[in-house]
Structure formats: C-alpha cells, structure tokens
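1. here is the input, now give the coordinates:
(one chain, ligands or ions: 2)
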Amino acid sequence: MLAEDKGLRFEVEVDRTLPVLVGDDEALTKVAVNLLSNAIKFTQQGHVILRLRRAADDLWQIEVEDSGIGIPPHAREYIFDEFRQVDQSSKRLYGGTGLGLAIVQKLARLMGGTVAVQSEVGRGSTFTVTLPLVRAGK
Ligand SMILES: Nc1ncnc2c1ncn2[C@@H]1O[C@H](COP(=O)(O)OP(=O)(O)OP(=O)(O)O)[C@@H](O)[C@H]1O
Ligand SMILES: [Mg+2]
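-> Ligands and ions are numbered 1, 2, ... in the order given. Next up is the predicted model:
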C-alpha cells in the first residue's frame, strides 16, 4: 500500500554530508523497503519519514520513523524473530507473515551493522539501522 493512498505525509531526509556510498544496493533497498512498508502498514494517520544520515565518522544510518500504532515494550525483542508479530491472533487486523524485520536484522548484521527500535504505543515507532560507512575507493 502506498503512503499517498492512506493520506500519510511521506518525507525523505538525506544528510548532505554523506559521502557517495558504496554498499550492497540490493540489501540496502530490501532493508529500506521492509521498514517503509511496515511504517505505512501500521500507520493510519500522520507521517512516515525516511532518513539517511551520518551517525559518526565511520557510521551511517537508515532510519524510518512513523506516527503509527507503536510497539509495546514486551514485543520489541521478539518482533525481529521470524514469524513473530505483536498480534499473533487469528483475528489480526494487519496482513503479513512476520518475516520483514527478521530479514532487516539479518541483512544489517551481514553488512556489519545493527538495527534498533524506539517506540511509544499509540504515538509511533522509529527503526534505526546503523551501518559502517564504506567510502568509494577504499
Ligand atoms: N512500524 C511498525 N509499527 C508498529 N508495529 C510494527 C512496525 N513494524 C513492525 N511492527 C510489528 O512487528 C511485527 C513483525 O514485523 P515484520 O515486518 O517482521 O512482519 P509483518 O510486517 O507482520 O509481515 P511481513 O513483513 O512478512 O509482510 C509486525 O507484525 C508488527 O506487529
Ligand atoms: Mg513487514
């Protein structure tokens, strides 16, 4: 589902100090697409923001922030496990198999990075993938 169809404000913020990145395009795209599709799926109104930013001299981040339903504290660890979803009941409101975040975590680790989540129930969630910065020519 597209952010536009739900009337969500979609923003992209790219840090101008980021050097040209050399990375695994396919893996990076999968990470961003999975986080964005979750953000849109679990947000009924407000915004979804994609940020690409410098985190330190040798680190950068892909961050996806939404103003959606949020994730309760007890679920913040297991949502990264395969087939785990906050609502496991048969009457779940949202579709999906529970694989997106497992893929995001696996890819982040393969690239030498980490993924973290911050959230407030009813207010929104922010997923941050931190990756080593690989400069062209290195
Ligand atoms: N942005 C978010 N806001 C609220 N809950 C989220 C968000 N992202 C993930 N979750 C919770 O974490 C669970 C696991 O996410 P994951 O992407 O792994 O699976 P899915 O989206 O349910 O299915 P799939 O990604 O396989 O289509 C979701 O089902 C949902 O409960
Ligand atoms: Mg998903």
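
2. where do the helices sit along this protein?
-> Defined through DSSP state H, the helices belonging to the chain, from first to last, are 25-41, 100-110.

3. report the contact partners of residue 111.
-> Residues in contact with residue 111 (Cβ atoms under 8 Å, 6 or more residues apart in numbering) are 23-24, 27-28, 131-132. Where C-beta positions appear, they are placed from N, C-alpha and C, glycine not excepted.

4. for residue 110, same thing?
-> For residue 110, the contact set (Cβ under 8 Å, 6+ apart) comprises residue 27.

5. so it versus ligand 1, what's the distance?
-> Going from residue 110 to ligand 1 by Cβ to the nearest ligand atom, to the nearest Å gives 17 Å.

6. quick one: which of the helices of the chain is nearest ligand 2?
-> Distances from ligand 2 to each of the helices of the chain were compared using Cβ to the ion; the shortest belongs to helix 100-110, at 2.7 Å.

7. run the chain-centre distance for that closest one.
-> Mean C-alpha position of helix 100-110 versus that of the full chain (Cα atoms, centre = their mean, to the nearest Å) differs by 10 Å.
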